[in-house]
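Student: predicted coordinates and the sequence they were generated for:
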Amino acid sequence: MRPDQFTRLDYNHCGPNGLSEGERIVLWMLRQWVTARVLGQEPGARLSREAGTLVSPRVAAAFILMMTAIEGQVRRPLCVSAPCCKGYAEDEQRLVTACGVCPASPEMAGRLLEALVVMPESVTVSARFLNMALSHEGKALPMRFDEPETPVAPVKRPTLH
């Protein structure tokens, strides 16, 4: 059994500078999910407890729905950075960006998710629900259609698979 590196951390410590609060929450929940899998825990229970308390039960439920859809049709193991990593793995970027753009462009969200899942449509629908839940909490995801002004340099750090 590995020690839980995520004990008592909040979402403000996840990811690179320049992410919105909503993007940090999604990244934090993704890393919580993977941490639970690595530790042999039920990720849905962990997210219900952790994200339900920190953000809201609605956001936790929406994220669990999305991850269940992803895991049901994943093409390969997702590459996710270690819990406190300031970096941002490509799979994390794809997922967070897809969640942000899906209300305006489900097609673009689907293209972002194609590398991760067999049928991106169901994930796009659940990502849209997650975006709406975050918006209800005042933490809507930005729609990032173009490259960031200052590109985030890839950081070589340990990853969890």
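Tutor: All right, it came through fine. Residues are numbered from 1 along each chain as shown.
Student: rest of the way, CA atoms for contacts and neighbours
Tutor: Fine.
Student: now do the strands in this protein.
Tutor: 80-81, 159-160 (DSSP state E).
Student: least confident of the ones you listed, on average?
Tutor: Looking over these, mean pLDDT reaches its minimum on strand 159-160, with a mean of 54.
Student: report how many residues lie close to the closest residue to residue 114 other than its chain neighbours.
Tutor: Counting by C-alpha to C-alpha, 6 or more residues apart in numbering, the nearest residue to residue 114 once its immediate chain neighbours are dropped is residue 120, at 5.9 Å. Counted with other C-alpha atoms under 10 Å, residues neighbouring residue 120 total 22.
Student: what do you get for residue 111?
Tutor: Using other C-alpha under 10 Å: residue 111 sits among 15 other residues.
Student: and if you look at the one 3 residues further on?
Tutor: Here the neighbour count serves as a burial measure; for residue 114 (other C-alpha under 10 Å) it reads 16.
Student: ok, the one 4 residues further on next?
Tutor: Residue crowding around residue 118 was assessed by other C-alpha under 10 Å; the count is 16.
Student: surely it and residue 73 touch.
Tutor: Yes: Residue 118 is within contact range of residue 73, at 5.6 Å (criterion: C-alpha atoms under 8 Å).
Student: shared neighbours of those two, anything?
Tutor: Overlap of the contact sets of residue 118 and residue 73 (by C-alpha atoms under 8 Å, 6 or more residues apart in numbering) is empty.
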